[in-house]
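Here's a sequence, model it:
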Amino acid sequence: MIFLKKPYKTLHKDSFLQRINSTVIGEGMLHEGNIYLMDYAIQNMPNEGIIFEIGSYASLSTNVMLHLLNKHNKKHLFIGCDAWVYKGFKDHEGTIRNHIDGSDTITRTAYAAYIKNAFINAINLLHPNTKPYTCHLTSDAFFKNWNTTNEFTDVFDRAFSIHQEISFCYIDGNHSYEQTKKDFENVVSKLKLNGFILIDDSAKYMNFGSAKFIKEIKKNVRFKIIDNNPNYLIQKIK
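Numbering: from 1, shown residues only. Predicted structure coming up:
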């Protein structure tokens, strides 16, 4: 029998990570290679600063990163945002219905509320003592608030403000070229020197706008490509 090596790097066995796909909604939505890159960034990010996440869905990536923070004894504050808006398979074609794909009885609003509640429930179960400060906001609205009032209320009804820059950011929001670029620029404006950004669905073989945007980053001397596994982990070096 021939065992083929995976074309990307993965972490060694971790019981929590082995169990989480059957615990949290979203199996298949977090590439195994991303977890390796998250682990690298968390181990090597600047000592002071926050971890920031754009796009939380039902908390799979959030719980993974919270676990890795604890595993490596990192005390960075975790902050994030998600619009919790349902996106249909054919939305990009202009075909937008009021219901979710495959069902005429489940509205988009009801589905999005279900996913948001799944996020809250999973965090309360898996990381009740290290909950992230995740807000029900688009990334644009989040950064607008950060740059003006700097007053937030998270999905756990906690008020907070931000007093540190970003040490590591995971961008997993709208994968269009325009929004990826906007998210990247907003994050960079708050990113510490030697801080990291991981962009989901940015692998060179993908056709997302997030993958096309990587070409611009490669030409920018302020940033260094740390790895593509297959998505890209970037470090701010200037």
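
any weak-confidence spans in this structure?
Along the chain, segments meeting pLDDT under 70 span 1-5.

tell me the helices in it, going along the chain?
Remark: helices of the chain, listed N- to C-terminal, are 15-20, 32-44, 60-71, 108-126, 139-147, 177-188, 209-218; assignment by DSSP state H.

The biggest strand by length in the chain pairs with which strands, parallel or anti?
Ordering each strand of the chain by length in residues (DSSP state E) puts strand 191-199 first. Each strand that pairs with strand 191-199, with its direction, by DSSP bridges: strand 166-171 (parallel), strand 232-236 (antiparallel).

Out of the helices of the chain, which is the most enclosed?
Comparing those on average neighbours per residue, with mean count of other CB atoms under 10 Å, the densest one is helix 60-71 at a mean of 22. For glycine as for every other residue, the C-beta is placed from the backbone atoms N, C-alpha and C.

what residues does that one touch?
Contacting residues not belonging to helix 60-71 are listed as 14, 16-17, 20-21, 24-27, 29-30, 34-35, 38-39, 42, 51, 53, 55-56, 74-76, 78, 80, 119, 122-123, 126-127, 130, 132, 134, 170, 172 [CB atoms under 8 Å, 6 or more residues apart in numbering].

starting at the chain centroid, how far to it?
The offset between the C-alpha centroid of helix 60-71 and the centroid of the whole chain comes to 11 Å, using CA atoms, centre = their mean, to the nearest Å.

And for stretch 92-102?
A distance of 24 Å separates the centroid of the chain from that of stretch 92-102, by CA atoms, centre = their mean.

How about stretch 114-131?
Using CA atoms, centre = their mean, the distance from the centre of stretch 114-131 to the centre of the chain it belongs to is 15 Å.

Same question for stretch 113-131.
In terms of CA atoms, centre = their mean, the centre of stretch 113-131 is set 15 Å apart from its chain centre.

cool, stretch 47-67 as well?
With CA atoms, centre = their mean as the basis, the mean position of stretch 47-67 lies at 6 Å from the chain mean.

what's the spacing between residue 194 and residue 72?
To residue 72, residue 194 is 17 Å away according to CB to CB, to the nearest Å.

how many neighbours does the closest residue to residue 146 other than its chain neighbours have?
Distances taken as CB to CB, 6 or more residues apart in numbering put residue 162 closest to residue 146, at 6.0 Å, once the chain neighbours are dropped. By other CB atoms under 10 Å, the residues close to residue 162 number 18.

Distance check, residue 198 against residue 165.
Residue 198 sits at a distance of 17 Å from residue 165 (criterion: CB to CB).
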